[in-house]
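J.: I need the structure of the sequence given here:
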Amino acid sequence: MIHLLLLIYLICLILVTLAASYSQQYYKIYKNPFLHSFVRYLIFLNLTIFLYLLVKYLWINFPESQFTDPQSTSYTIFLLLVSFAFIGWIYFFIRMSLELVEKVMTQNKKILLKAGISIICINYLIGLTILLVEGSNYWIIFTYRGLMLISGLVFLTTLIIFVFQKRLSQNNQKHKSIKAWGWISLVGYILVYTFSYLPEPIGLFTTSAGLLLLNIGHIIWLRTYFLRHYVSFSDEPNQQFLESFFQQYQISNREQEILQLLMQGKSNKEIESSLYISYNTVKNHIYNLYQKLGVNSRWQMLHLVMKERDQQTKPAT
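T.: Numbering: from 1, shown residues only. This is a model prediction of the structure:
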């Protein structure tokens, strides 16, 4: 069964690479801090799971090796690596969640992040105290289990608030986006955390389902919710910029519609459905946009739009 879980994890690794790549590209364009934290959250989440599965694989396939001896250096190093990845996972989850709920002020973010770091430090101090008192390597097991408990409490408490809080944003669409994020993540984490409490065959399948949901669900959420509700050009300054931009590059009405849909993260197929035009027509319009703007890809095109907007809206010094 562990081989099946490792295979599923490899699929997740491909998915998280795509999600991280998308997020990094969008961050370069929109400069939204959530996307910056989101990339690192995905990396640490999957790094933690990978290291945990690697340890599990070694325990099962090499039962007589040093990897199964709590007193060995190899055992300690592996659990330390998992623990450090766990810390990154917890940290960026907290940071990303606070950035998603925009009404939380910067000062509150700093306080909550410091509180999370303090709890983790206390956990390590207790572990080191055990090491000094007992003189054994069981401190690392205590520390690792403490991090699992802390992460479970942080993840579930945050996500339950996201799911059941009545008002998370003044913007109704953003409120729905946060709730959707909460449901996807809550179900995914519940499935992942059942691994330790269910019989092995069932636990492996639930963990696999949770990993797939956390990775695929986040990619879908990013394209379906975030870019449409957190990246807005509907306010007056942006509308004035777009009108000027369209006029400067002589962009037709249909090309304007397509460019604005591309800025919302929609695919060619989605644009086809939204505007009731053929797929080839969409491609032709996008090609014309490339020619007019002097770019070779949609990433370059979006980056050009945002760069010119920032230059135009930047206050004079």
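
J.: buried residues in the host helix or strand of His303?
T.: In the assignment (DSSP states H and E), His303 maps to helix 298-313. Applying a neighbour-count criterion of 16 or more other C-beta atoms under 10 Å, the buried positions in helix 298-313 are Arg298, Met301, Leu302, His303, Leu304, Val305, Met306, Glu308, Arg309. Every C-beta, even on glycine, is put in place using the N, C-alpha and C of the backbone.

J.: And the pLDDT at the second one?
T.: So the one you mean is Met301. pLDDT recorded at Met301 is 86.

J.: For it, give me its contacts.
T.: Applying C-beta atoms under 8 Å, 6 or more residues apart in numbering, we find Met301 in contact with Leu259, Leu262, Leu289, Tyr290, Leu293, Val295.

J.: Check the gap between the third one and Ile94 for me.
T.: It stands for Leu289. Remark: distance between Leu289 and Ile94 (C-beta to C-beta, to the nearest Å) = 40 Å.

J.: now swap in Leu147 and tell me
T.: Leu147 is 14 Å from Ile94, by C-beta to C-beta.

J.: hang on, the earlier thing: what is the lowest-pLDDT residue among the contacts of Met301?
T.: Leu262 (85).

J.: what sits against that residue?
T.: Leu262 touches Ile271, Ile286, Arg298, Met301, Leu302, counting by C-beta under 8 Å, 6+ apart.

J.: Could you do Ile286 as well?
T.: By C-beta under 8 Å, 6+ apart, the contact set of Ile286 is Ile258, Leu262, Asn268, Arg298.

J.: For it, give me the pLDDT.
T.: For Ile286, pLDDT reads 92.

J.: Determine the three-state secondary structure at it.
T.: helix (DSSP: H, G, I helix; E, B strand; the rest coil).

J.: hmm, back to that, who's more crowded, Leu147 and Ile94?
T.: Using other C-beta atoms under 10 Å as the criterion, Leu147 and Ile94 rank with Leu147 on top: 25 against 21.

J.: sec struct for Gly265, please.
T.: coil.

J.: Now it: closest residue in space, sequence neighbours ignored.
T.: Distances taken as C-beta to C-beta, 6 or more residues apart in numbering place Leu227 nearest to Gly265, at 3.3 Å, with adjacent residues excluded.

J.: Now that neighbour: which helix or strand?
T.: Counting by DSSP H and E, Leu227 is found in helix 227-229.

J.: Make sure Asn171 is actually in contact with Arg228.
T.: No - if you go by C-beta atoms under 8 Å, Asn171 and Arg228 don't touch, sitting 11.8 Å apart.

J.: How many residues are close by Lys292?
T.: 15.

J.: Let me know the pLDDT of the closest residue to it other than its chain neighbours.
T.: Distances taken as C-beta to C-beta, 6+ apart place Tyr249 nearest to Lys292, at 5.0 Å, with adjacent residues excluded. Tyr249 carries a pLDDT value of 89.

J.: likewise Val187?
T.: 90.

J.: Surely it is in contact with Leu214?
T.: No - using C-beta under 8 Å as the test, Val187 is too far from Leu214 to be in contact (9.1 Å).

J.: Which one of those two is surrounded by more residues?
T.: Leu214 (24 against 17).

J.: Which residues are in contact with that one?
T.: Leu45, Ile184, Ser185, Gly188, Tyr189, Val192.

J.: hmm, try it at 6 Å
T.: Neighbour list for Leu214: Gly188 [criterion: C-beta atoms under 6 Å, 6 or more residues apart in numbering].

J.: One more: Asn61?
T.: Neighbours of Asn61 in contact, by C-beta under 6 Å, 6+ apart: none.

J.: Compute the distance between it and Leu53, please.
T.: 12 Å.

J.: Count the neighbours of Tyr279 for me.
T.: 12.

J.: my read: it touches Glu272, true?
T.: Yes - with contact defined as C-beta atoms under 6 Å, Tyr279 counts as touching Glu272 (5.0 Å).

J.: Format the contacts of Ile286 as TSV; extra columns: distance to His218 and secondary structure.
T.: What follows is these, written out as TSV (distance: C-beta to C-beta, whole Å; DSSP: H, G, I helix; E, B strand; the rest coil):
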residue	distance to His218	secondary structure
Ile258	26	helix
Leu262	21	helix
Asn268	22	helix
Arg298	21	helix
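
J.: tell me which of these is nearest to Asn238?
T.: Leu262 (15.2 Å; C-beta to C-beta).

J.: Tyr26 versus the closest one, what's the distance?
T.: Counting by C-beta to C-beta - Leu262 and Tyr26 are separated by 12 Å.

J.: now do Lys179
T.: 21 Å.

J.: more neighbours, the two?
T.: Tyr26 (23 against 17).

J.: Distance check, that one against Gly217.
T.: Taking C-beta to C-beta, one finds Tyr26 at 17 Å from Gly217.

J.: what ranges of the stretch 151-300 of the chain fall below the confidence cut-off?
T.: Applying pLDDT under 70 to the stretch 151-300 of the chain picks out residues 168-170, 195-198, 200-201, 203-204, 231-237.
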